[in-house]
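Colleague: the following comprises the amino acid sequence and a computationally predicted model.
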Amino acid sequence: MLRGLYIAASGMLAQQVRHESIANNLANADTTGYKADEAVFRTALNGAIWRHRDPQKGAPTPQVGKLCFGAEVDEVVTDLRPGAIAPTGRPLDVAIDGEGFFVINTPQGERYTRDGAFRQSADGTLVTADGMPVLGIRGIIRSANAPLTVAPNGDVLADGQVIDRLRIVQLQNASKEGANRFAGNAQPLQQFSLQVGALERSNVSVVQAMVDMIVAMRAYEASHRAVLAHDETLQRAVNDVGKV
């Protein structure tokens, strides 16, 4: 009886985490370069069932099966598939068509993003929308006397002269930090394709996310009803059966 209560409660907790992940995806459906998260489940407290006694003396105790106590969230994984590319017409908007990440300089060190909504700061530095410097092959990209432009091959120009090239890397063991910033093991990417005057949209499917949210809510409600049913059964066992 208590096992059923544990299973139902673990189902509620797992669906709660899934619901939060889907809600976060929907909240960032319009965030440039955002990658959707998905909760992955596993069995909780999975154990083996062994036969207590065997008719044959000296025979090894056989395993009858397995017993689990519901589900739990194993991890929340990030879907790194590219999103659709939308033209903007802005000369410093850059989208990576295919794999790769831009490299930016943050207080925590080098980080990586697919958000190419760049701008030129007051001191001439090429920065992201939230003000983090964009890194090139030579380091921070800056031109105090001329506006910057980006070529489709990644070259950054000032007054028509190439001053640097955007660093585009391949990321392994990527871990998300915030909405569209990642950490991980970066390796230089030699072959890449850029689209200037365009941005990569989020890879969240709003329709699919809404369907998944409804499914998660229904699963949560089913587990909740099971918890109430087990609670009522336990109450009767204590208050009614105990009187007999």
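Modeller: Ah, there it is. Residues are numbered from 1 along each chain as shown.
Colleague: drop to CA atoms for contacts and neighbour counts, all remaining ones
Modeller: Will do.
Colleague: roughly how far out does stretch 170-187 sit from the chain middle?
Modeller: Its chain's average C-alpha position is 10 Å from that of stretch 170-187, according to Cα atoms, centre = their mean, to the nearest Å.
Colleague: likewise stretch 97-116?
Modeller: Distance of stretch 97-116 from its chain centroid, counting by Cα atoms, centre = their mean, is 16 Å.
Colleague: what distance separates the start and the end of that stretch?
Modeller: Counting by Cα to Cα, to the nearest Å, the length from the leading to the trailing residue of stretch 97-116 is 11 Å.
Colleague: equivalent analysis for stretch 202-211, please.
Modeller: End-to-end span of stretch 202-211 (Cα to Cα): 18 Å.
Colleague: how about residues contacting it?
Modeller: Residues outside stretch 202-211 that contact it (Cα atoms under 8 Å, 6 or more residues apart in numbering) are 22, 25-26, 28-36, 81-84.
Colleague: and the residues you listed, which of them are buried?
Modeller: Of all these considered here, the ones buried according to neighbour count by 16 or more other Cα atoms under 10 Å are 22, 25-26, 28-29, 31-36, 82-83.
Colleague: would JSON lines of those with pLDDT be doable?
Modeller: Compiled in JSON lines, the buried ones among the contacts of stretch 202-211 are given as follows (pLDDT from 0 to 100):
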{"residue": "Ile22", "pLDDT": "95"}
{"residue": "Asn25", "pLDDT": "95"}
{"residue": "Leu26", "pLDDT": "96"}
{"residue": "Asn28", "pLDDT": "95"}
{"residue": "Ala29", "pLDDT": "94"}
{"residue": "Thr31", "pLDDT": "94"}
{"residue": "Thr32", "pLDDT": "94"}
{"residue": "Gly33", "pLDDT": "93"}
{"residue": "Tyr34", "pLDDT": "95"}
{"residue": "Lys35", "pLDDT": "95"}
{"residue": "Ala36", "pLDDT": "95"}
{"residue": "Pro82", "pLDDT": "93"}
{"residue": "Gly83", "pLDDT": "94"}
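Colleague: what's the neighbour count on Leu126?
Modeller: By other Cα atoms under 10 Å, the residues close to Leu126 number 27.
Colleague: pLDDT score assigned to the closest residue to it other than its chain neighbours?
Modeller: Leaving out its chain neighbours, the residue that sits closest to Leu126 by Cα to Cα, 6 or more residues apart in numbering is Gln120, at 4.7 Å. Gln120 is assigned a pLDDT of 95 by the prediction.
Colleague: buried sites along stretch 73-93?
Modeller: Of the residues in stretch 73-93, Val73, Pro82, Gly83, Ile85, Pro91, Leu92, Asp93 count as buried by neighbour count, 16+ other Cα under 10 Å.
Colleague: so what would you say the end-to-end distance of it is?
Modeller: Separation of the first and last residues of stretch 73-93 by Cα to Cα is 37 Å.
Colleague: contacts for that stretch next, please.
Modeller: By Cα under 8 Å, 6+ apart, the surrounding residues in contact with stretch 73-93 are 14, 17, 33, 35-42, 95, 97-99, 116-119, 148-150, 176, 196-204.
Colleague: for Asn173, what is the enclosing helix or strand?
Modeller: With elements delineated by DSSP states H and E, Asn173 resides in strand 168-177, which encompasses its position.
Colleague: next, the angle strand 168-177 makes with the helix or strand following that strand.
Modeller: Proceeding C-terminally, strand 168-177 gives way to strand 181-188 as the next helix or strand, assigned by DSSP H and E. Angle of strand 181-188 versus strand 168-177, following axes from the mean of the first three to the mean of the last three Cα atoms, to 10 degrees, is 150 degrees.
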